[in-house]
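Colleague: Fold the following for me, if possible:
(chains A and B)
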Amino acid sequence: MRGNSWRRMVFSALGAAAVFLLAAPESRAAAPQPDSCVQCHRALPGKLGAPAKMLEADIHAQKGFSCVNCHGGDPASFDVKVSMSKEKGYTGVPKPAEIPALCDKCHGDLAFMRRFSPSIAVDQHKAYQTSVHGQRLAKGDVKVATCASCHNAHGILPAAHANSTVYAPKVAGTCSKCHADKAYMKDYKIPTNQLENYLQSVHADLLIKKRELSAPTCNDCHGNHGAFPPAVSSVSGMCGQCHVNNRDLFVKSPHKPAFERMKLPECVVCHSNHKVVRVSEAMIGDKSPAVCVSCHAAGSPQLRVAAGMRKQIEDLKSLIHRATEELEKAERLGMEVSEAKFSMKEARTMLIKVRTQVHSFALKEVEKEAQIGNKVAQGALQTALGALKEFEARRRWVILPIVLTVVLALLLFLKLREMERKSPGGV
Amino acid sequence: MAQSPGNRSERLASWLESRAPLSGVVEFLRHKEVPWHKGTFFYLFGGVALLLFCVQVMTGILLMFYYVPAPEGAYESVLLISAKVPFGWLIRSIHSWSANLMILALFIHMFSVYFMRAYRPPRELVWVTGFVLLVLSMTFGFSGYLLPWTKLSYFATKIGTDVTKVIPVVGEGMRNFLLGASEISGPTLTRFFALHVAILPPIFTIFLGLHLLLIQLLGMSQPLGQQKARGIPFIPNFVLREGIVWVVVLGLLAVLSVYLPWEVGEKADPLASAPAGIRPEWFFTFMSQSLKYIPAKVMGMEGEALGVYAIGAGGLIFFLVPFWDRWSREGRRHWLVTAYGVAVIVFLATMTSLAYFKPY
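Modeller: Prediction:
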């Protein structure tokens, strides 16, 4: 009897543990009411009170989570000896090394996370472990970034929220909290001018100033959770995520194998990495400041190709400029040139295509694209010039009715004067 | 025996007279006189408005050959008229300039009649029909403004039609009737087109006929205080003067249409936000501008509604001048009437100028 009773107790305990473990994800979502952590800490000053005050806006709190889900303890008890006791599972402030695993308890559980967002990624921890941050953390470097370094520990907002530290236009600022800090980064022997350079780039101009959210920031090239410096050979693939045509042309160009042999970082060689400035014709050609001259010798056939490509771009650009000016002039004069103005969109698209085609470094291909653009722009220019010519003709011809008007009015006046010579008003 | 030319023309006149007995009319015109005084020049503006109305009818008919009254084709057809149709740009430009000059001529004509007190008995109905003609002309302008279906005309019409909402009882229904939908869309364009080319022209013609008939029957008004001013023969002296002015106006119209052609603008996009600088036609700017200065709420009343009522009341007082200016009936020129007319001119001129030079 006694033996049975013990067995029953052991099985009951194991069963209860199994039920507890299986039901664990459910319990993670349950924030008890009243919540002693929040109520007590909200009344505390400084660092102890701040987390409770930030909880309201926190995405976790909005989904029904509270302090207990990360820090343990018993929020049902208002006795600090009970609510913050080890017996009640209170863990206190997690150490940096513990944070990725702590977050992963929920964020790595697809079945659990699906309840909140069906398409949410759950591989952040795995990606983190492959990152430089994760690898260094594993080796005991606690200075590296963990989840809370970028997302904050409390008051965590969804990445799409404009106030989130990981909202695209704010990412560069978030990364630079560490990466631009010379003293903090001293031991790592890597540059700290990335933010300074990035802020001068066309990408930052678009993303930060113009709020063009499709423009890249740090994580678009380096990855976010799996942050890693890109390998020399993968640069074009990285830039090619957005600049697809440029990449396709580059990988087929003679530069690809040459750069590989010389271990040069592909796109970065001409465009830089963080300081990707707005491109212009000045970048190519056979004279400084064209980037081509930094590798190719003066008078070389390659520089002749570069000069030829530049000429194609400049010619098309100036033709577009002239056609646009003439069209605007004609329009200002009230001439109808809207069709030609619309066709200029195609000419401008062709200019972009010509600039893109430069990445093939094949003059003939560039000329082929430029010819199409030239034809369209030339057509628009002719329309504009025709309209201006017609306007001039109209101005000339209007002299005729003016003369007729003056003559006719004069004749009528003379007739009237003759009639009324004797009695003004004809009375 | 051969007939002499004189004989032949007499026979032709006799043949015509037996079929169209107009000799009485000819005789009437031959003896018709126009008062001759320092304000006679202003009599010519009625004729100028008439000439410009004829130009409107002719150019409007020509434009109708190509214009498509639908949102999908209206703007494109105006572009076609301006760019491809031979002399289409000129016809369109003349139509637009002539419309504006006609309104201007009507305003000058109306104010000259007002200050000369030419509305006094028995010419009250001449004034009434003339005022109705001005309102109809402005309605012509309002309905015609939307027809090219440009961004500016779309939003200006939207604001204009929204104003009708403040009219008690009938306002909302009136707006719905005008728009043919809850917002300006295809049915609105069709309705405005119908209004512009089919409804307004016959009504205008009837009132114009009445106006001209009454003038012929009652004769031109004598200047106030003169029992009988000396007159000049309508034919040929006044007609010759009118002819000179008409020729000058036609020349001016040609110059304006060629040197300052009416631009087409951008196509309307109902989903786009309203562009900056929306402005109705110049003869409506006094209203849109004055409404800007009225606070949203005035003594618990909607400011806009109050503004519309105030302008409406001011217009009504002006319209009813023949019935409240008892002084002119007695042959007296009262300062109150003059002051009211001057105030109306100052108000119109100030608000219109502000709309162009300091809209915000």
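
Colleague: How many residues are close by A:Gln312?
Modeller: 25 (other CB atoms under 10 Å in any protein chain shown). To be clear about C-beta, it is placed using only N, CA and C from the backbone, and glycine gets the same treatment.

Colleague: what sits against A:Cys175?
Modeller: A:Cys150, A:Gln194, A:Leu195, A:Cys218, A:Asn219 (CB atoms under 8 Å, 6 or more residues apart in numbering or on different chains).

Colleague: interface residues of the stretch 151-300 of chain B facing chain A?
Modeller: Applying CB under 8 Å from any CB of the partner chain, we find that the stretch 151-300 of chain B lies next to chain A at B:230-233, B:236-237, B:240-241, B:243-244, B:247-248, B:250-251, B:254-255, B:258-264.

Colleague: Now list the buried members of the residues you listed.
Modeller: B:231-233, B:237, B:240-241, B:243-244, B:247-248, B:250-251, B:254-255, B:258, B:261-264 (16 or more other CB atoms under 10 Å in any protein chain shown).

Colleague: and the contacts of A:Cys175, which of them are in strands?
Modeller: Among the contacts of A:Cys175, no member falls in strands (criterion: DSSP state E).

Colleague: Quick check: closest non-adjacent residue to A:Trp397.
Modeller: Counting by CB to CB, 6 or more residues apart in numbering or on different chains, B:Val258 is the residue found nearest to A:Trp397 once chain neighbours are left out, at 7.9 Å.

Colleague: Need the contact partners of the strand or helix carrying that neighbour.
Modeller: Here B:Val258 is covered by helix B:239-259, with elements defined by DSSP states H and E. Residues from elsewhere that reach helix B:239-259 (CB under 8 Å, 6+ apart): A:394-395, A:397-398, A:401-402, A:404-406, A:408-409, A:412-413, A:415-416, A:419, B:44, B:47-48, B:51-52, B:55, B:90, B:93-94, B:97-98, B:101.

Colleague: Now, those residues that are in helices?
Modeller: Per DSSP state H, helices hold the following members of those: A:394-395, A:397, A:401-402, A:404-406, A:408-409, A:412-413, A:415-416, A:419, B:44, B:47-48, B:51-52, B:55, B:90, B:93-94, B:97-98, B:101.

Colleague: Drop anything exposed from those residues.
Modeller: Buried among the ones in helices among the contacts of helix B:239-259 (16+ other CB under 10 Å): A:394, A:401, A:405, A:408-409, A:412, A:416, B:44, B:47-48, B:51-52, B:55, B:90, B:93-94, B:97-98, B:101.

Colleague: Quick one: residues contacting B:Leu348.
Modeller: B:Leu348 touches B:Phe286, counting by CB under 8 Å, 6+ apart.

Colleague: Kindly provide the distance from it to B:Leu134.
Modeller: 12 Å (CB to CB, to the nearest Å).

Colleague: now do A:Gly379
Modeller: 48 Å.

Colleague: For residue 328, what are phi and psi?
Modeller: Assuming you mean chain A. The phi and psi values for A:Glu328, taken as degrees, to the nearest 10, are phi -60, psi -40.

Colleague: Show me what from chain A comes close to chain B.
Modeller: So far as CB under 8 Å from any CB goes, chain A lies against chain B at A:331, A:333-339, A:394-395, A:397-398, A:401-402, A:404-406, A:408-409, A:412-413, A:415-416, A:419-420, A:425-427.

Colleague: 7 Å - rerun?
Modeller: Contacts of chain A with chain B, taken as CB under 7 Å from any CB of the partner chain, map to A:334, A:336, A:338, A:394-395, A:398, A:401-402, A:405, A:408-409, A:412-413, A:415-416, A:419-420, A:425-427.

Colleague: give me the number of residues near A:Ala52?
Modeller: A:Ala52 has 20 nearby residues by other CB under 10 Å.

Colleague: That one belongs to a helix?
Modeller: Yes. Under DSSP: H, G, I helix; E, B strand; the rest coil, A:Ala52 sits within a helix.

Colleague: Leaving out sequence neighbours, find the closest residue to it.
Modeller: A:His41 (3.7 Å).

Colleague: Pull up the gap between A:Val277 and A:Pro216, please.
Modeller: Remark: distance between A:Val277 and A:Pro216 (CB to CB) = 14 Å.

Colleague: Between the two, point out the one with more neighbours.
Modeller: A:Pro216 (22 against 14).

Colleague: Let me know the secondary structure of that one.
Modeller: Classified using three-state DSSP, A:Pro216 is coil.

Colleague: Isn't it up against A:His203?
Modeller: Yes. Assessed by CB atoms under 7 Å, A:Pro216 is found in contact with A:His203 at 5.2 Å.

Colleague: which residues are common contacts for these two?
Modeller: Here A:Pro216 and A:His203 have no joint contacts, going by CB atoms under 7 Å, 6 or more residues apart in numbering or on different chains.

Colleague: just for chain B, where's the confidence low?
Modeller: Chain B contains residues with pLDDT under 70 at B:1-6, B:226-227, B:229, B:359-360.

Colleague: residue closest to the middle of it?
Modeller: B:Ser137 (3.3 Å; CA atoms, centre = their mean).

Colleague: buried sites along the strand or helix carrying it?
Modeller: Counting by DSSP H and E, the element that carries B:Ser137 is helix B:124-146. Within helix B:124-146, the residues that qualify as buried are B:126-134, B:136-137, B:139-146, counting by 16+ other CB under 10 Å.

Colleague: Please pull out the lowest mean pLDDT helix or strand from chain A.
Modeller: Least confident helix or strand of chain A, by mean pLDDT, DSSP states H and E, is helix A:2-29 with a mean of 47.

Colleague: Give me the contacts around whatever helix or strand comes next after that one.
Modeller: Using DSSP H and E, the helix or strand that directly follows helix A:2-29 along the chain is helix A:36-42. Contact partners of helix A:36-42, identified using CB under 7 Å, 6+ apart, comprise A:48-49, A:51-53, A:55, A:66-68, A:73, A:75-78, A:83.
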